[in-house]
Structures are given as C-alpha cells and as structure tokens.
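In: Got a sequence here, can you model it:
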Amino acid sequence: MAGTIFERTLVTAEAEAAFADAAIVAGMVAFESALAEAEAAEGLIPASAAAAIVAACAEAPFDTEAIVVEARTAGALAIPLVRLLRERVAQRDAAAAAHVHFGSTSQDAIDTALMLATREAVALIDADLVRLVASLEALAAAHRATPMLGRTLLQPAQETRFGVVVESWVAPVRRGRERLASAARDALQVQLGGAVGTLAPLGDRGPAVMRRMAARLGLGAPPSAWHTERDATASLACTVAVLCGSLGKIGRDLSLLSQAEVAEVAEPHAPGRGSSSAMPHKRNPVAALVALSAAARAPHLAATVLAAMPQALQRGLGDWQAELAAWPSLFMAAHGAVQALADACEAGLEVDAARMLANLESHRRALAAATPSSGKPAP
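Out: Residues are numbered from 1 along each chain as shown. Model (predicted):
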C-alpha cells in the first residue's frame, strides 16, 4: 500500500499490490525457496533439507506486520524473516534449519524481492503505455488536417495542426517505452553475493547457483553481485522519471487546452469525474492532474536513487535503505499517470475542431501583421 491517503489517490490498486508489504515478503520467501532448490541441485545442501525449506516457504504467509516491527530494530526486513523461516523449517526437520539462507545475506533476499515487485510494476506500466500509444496514434491520424492556433510562451503564435500536436505527445512516449524495456532488462536481475559479495561459502558453485535461481525466478543472472553497484537500478529509475516527464507534457497541454477560455480539448465526461465540491459547473481534468503530479514527484524520487549510488564499501549504510524507501513510489507514480491518461484517451478525448478554428480565426489578422512582408516566417 502507498504511504499516505494522499498518495493513494494518485496511484493504482495494481501498482500498490505489486509493492504491497505482503508482496515484498513473498518475494523474499521466493528467494529463499529458489536458493535452497538451487543449492541442493548443485550438491551444496542435502536434498532433504531443500525439500523441507521449500515446503516451509509454501505454507501460509508470514506475519508481515510482525516482520516490519522487528525489522525496525534489526535493521533489515530479511533478518526477522529468516529467523521465522528457520523456526518453521525446524518444526519439520531440525537438521534442515541450519541450511536456511545458506551462503546468502539479507541484501540478497531484499534486492531480489524488490526486483520481482519491480518486474510486475514494469509490466503494468508497459501494458498501459501500449494502450496510450494506440489511442494517441489514432487521435493524431484523425486530426492530421485539423487546424488550430499554435502557442509559444503561452501566447498566440502561428497556425499548426492538432494531429501534429498529438504526435508531439506520443513520440516521446514511444521512445520512453523502448527505453523502459532496455533499462528493465539490465536492472531486473537476481541478487546473490553473500556476506561481502564473494559467495565464498558456495565455492566454485556460486555462479551456477545464481543462474539456477535466476531461471527459477524469471530474473536475469548478473556476472556477480551488485550490492553496491547501483548503476543499473539508477538508470531504470531515471528512465521512469523521464517517462513521467513525457506523460506530464501531455497532462500540461490537456490542462491548458481544456481551460474554459480555450475550450479546444476536454477529457471524456463521466458522472462524478472532475467534479467540484463548491462549483458544480466545473469539469476538472483529472487525468492531467494525475500525470502532472507524477511529473512533479518523479524527479525527486529518482534523485534519491541517484544520491544513494555512492554506497560504502561492500554494503551501503542508510543510502541503500533510502533507495529502497523511494523506489516503490516512483513506479507507482508512473503507473498512476500512464493509466489515467490511457483511460482518458481510450475513452475518447473530446476535440472541438470548430472551437479550434474559431480561436485561430480570431488571431489570423494579428498573425498576418506579425509576418514580415518578405514571406519569411516570423521569429
């Protein structure tokens, strides 16, 4: 769940679910289960121990709130989880409990769980980007020849076409989708390094264990642990922030074009949508609002991830934790924005071509007067 009631009005239930407390704990449990299976397959722990660990992981979910409370003192979510898992395994097989979490460290479980959640969030964002791009492309095609007044520095400028305006919205979104896929491929990797990133307890079987875990979890297999190598995650965060900026551009233009004084474009009408508690005549552009809020918040969230990159030695102190805290909000903001815009555009933006022409005609004389007699365009 998002941090506050205010944030929850700007994100989606699906993105909240991806980063929910229970989802992160489930991701850590999936890490422990995959680790045990991989280590047994490589002959590092007994098969019977792995079976007991996997079975314990598959039992009823752990008490998430108890884990959170204990982690405030322990310093990491994985510490109470591993303790509880060992207790659960010991009830099945006392000897197997010693093999829980073998060769790994808390950051391995937490980073892997976060990447599992992020994979779900990226899939949500991408699915709605597909919808948004398709709707905007159709809108651009339908209004390729629709004349309207162009505006620069928020003042009347020269004639343009609404289809050109829409294409300026969709082109960065297309590029953003491509960048998101590329950055996600680099960042969505399993984390496994052990105490100081060397996988020393696993000997020469460490890389094989990592590859097996990656295959089981559906994540990439990095060449080594990335405990304090945060360039791939930082690049993904920045890519999402840039995408939010592109979505904010659409929101900004929609908000300006939907002003009553302009009245050229409006979000689709629906009962209760964009209503006012004091002014019943108003139709507030809600999709634009959500997109603009994401564009305003994303740079600061990405900046936290960037600021956390110089992590100390073999394990970050405070900076890694700051990255973890900011990360879900960035992806939830992005999905809130893209889903809001996709829903509005798919339902059909209301385009008033007659109003566009009327606004253009009212300024034609001024436009003609501003154009040099040589025929060269005005600056």
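In: ranges for the helices of the stretch 251-379 of the chain?
Out: All helices of the stretch 251-379 of the chain, identified by DSSP state H, counting those that start in this stretch, fall at 286-307, 319-347, 353-370.
In: Mean neighbour count and mean pLDDT added to those, as JSON lines?
Out: Using the backbone N, CA and C atoms, a C-beta is placed for each residue, glycine as well. Formatted as JSON lines, those follow (neighbours: other C-beta atoms under 10 Å; pLDDT from 0 to 100):
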{"stretch": "helix 286-307", "mean neighbour count": "21", "mean pLDDT": "98"}
{"stretch": "helix 319-347", "mean neighbour count": "23", "mean pLDDT": "98"}
{"stretch": "helix 353-370", "mean neighbour count": "14", "mean pLDDT": "87"}
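In: Please produce JSON lines containing these, extended by distance to Arg177.
Out: Shown next, in JSON lines, are the helices of the stretch 251-379 of the chain (distance: least, C-beta to C-beta, whole Å):
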{"stretch": "helix 286-307", "distance to Arg177": "16"}
{"stretch": "helix 319-347", "distance to Arg177": "10"}
{"stretch": "helix 353-370", "distance to Arg177": "29"}
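In: Between the ones you listed, which one is closest to Ala127.
Out: Ranking the helices of the stretch 251-379 of the chain by proximity to Ala127 (C-beta to C-beta) places helix 319-347 first, at 8.9 Å.
In: packing partners for the closest one?
Out: On a contact count with 3 or more C-beta pairs under 8 Å, 6 or more residues apart in numbering; DSSP states H and E, helix 319-347 meets helix 13-18, helix 106-142, helix 231-257, helix 286-307.
In: Out of these, flag the one nearest Ser362.
Out: Comparing those under C-beta to C-beta, the one sitting nearest is helix 231-257, at 15.7 Å.
In: roughly how far is that closest one from the heart of the chain?
Out: 11 Å (C-alpha atoms, centre = their mean, to the nearest Å).
In: where in this protein is pLDDT low?
Out: For the chain, the stretches with pLDDT under 70 are 1-2, 271-282, 367, 370-379.
In: Relative to Ile110, which of the helices of the stretch 251-379 of the chain is closest?
Out: Among these, helix 319-347 sits nearest to Ile110 (C-beta to C-beta), with 7.1 Å.
In: buried residues in the helix or strand containing Glu65?
Out: Using DSSP states H and E, Glu65 maps to helix 64-74. For helix 64-74, the neighbour count (16 or more other C-beta atoms under 10 Å) marks 64, 67, 70-71, 74 as buried.
In: Of the helices of the stretch 251-379 of the chain, which is nearest Gly43?
Out: Nearest of these (C-beta to C-beta): helix 319-347, 32.4 Å.
In: Report the angle between that closest one and helix 231-257.
Out: Here helix 319-347 runs at an angle of 40 degrees relative to helix 231-257 (axes from the mean of the first three to the mean of the last three C-alpha atoms, to 10 degrees).
In: re earlier: let me have the helices and strands packed on helix 319-347 in TSV, adding distance to Val25 as columns.
Out: Compiled in TSV, the helices and strands packed on helix 319-347 are given as follows (distance: least, C-beta to C-beta, whole Å):
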stretch	distance to Val25
helix 13-18	13
helix 106-142	8
helix 231-257	20
helix 286-307	22
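In: And for the closest residue to Leu289 other than its chain neighbours, the neighbour number?
Out: Distance criterion C-beta to C-beta, 6 or more residues apart in numbering; nearest residue to Leu289, sequence neighbours excluded, is Gly251 at 7.3 Å. Neighbours of Gly251 under the rule other C-beta atoms under 10 Å: 26.
In: The one 3 residues further on now?
Out: Residue neighbour count, defined by other C-beta under 10 Å, stands at 23 for Leu254.
In: Now Gly304: closest residue in space that isn't a chain neighbour?
Out: I think there's a mix-up here, since residue 304 is Thr and not Gly. Excluding its sequence neighbours, the residue lying closest to Thr304 (C-beta to C-beta, 6+ apart) is Ala326, at 4.0 Å.
In: is it true that Ala15 touches Ser329?
Out: No: shown here, Ala15 and Ser329 do not form a contact pair, counting by C-beta atoms under 8 Å, at 9.9 Å.
In: how close does the residue nearest to Leu289 get to Ala325?
Out: 26 Å (C-beta to C-beta, to the nearest Å).
In: Spit out the contact partners of the residue nearest in space to the middle of the chain.
Out: Centroid-nearest residue in the chain: Phe331, 2.3 Å away (criterion: C-alpha atoms, centre = their mean). Contacts of Phe331 were listed using C-beta atoms under 8 Å, 6 or more residues apart in numbering, and they are 15, 18-19, 118, 121-122, 125, 240.
In: what do you get if the cut-off is 6 Å, keeping everything else the same?
Out: For Phe331, the contact set (C-beta atoms under 6 Å, 6 or more residues apart in numbering) comprises Ala121.
In: Between the buried residues of helix 64-74, which sits nearest Ala50?
Out: Lowest distance from Ala50 to the buried residues of helix 64-74 (C-beta to C-beta) belongs to Ile67, with 23.0 Å.
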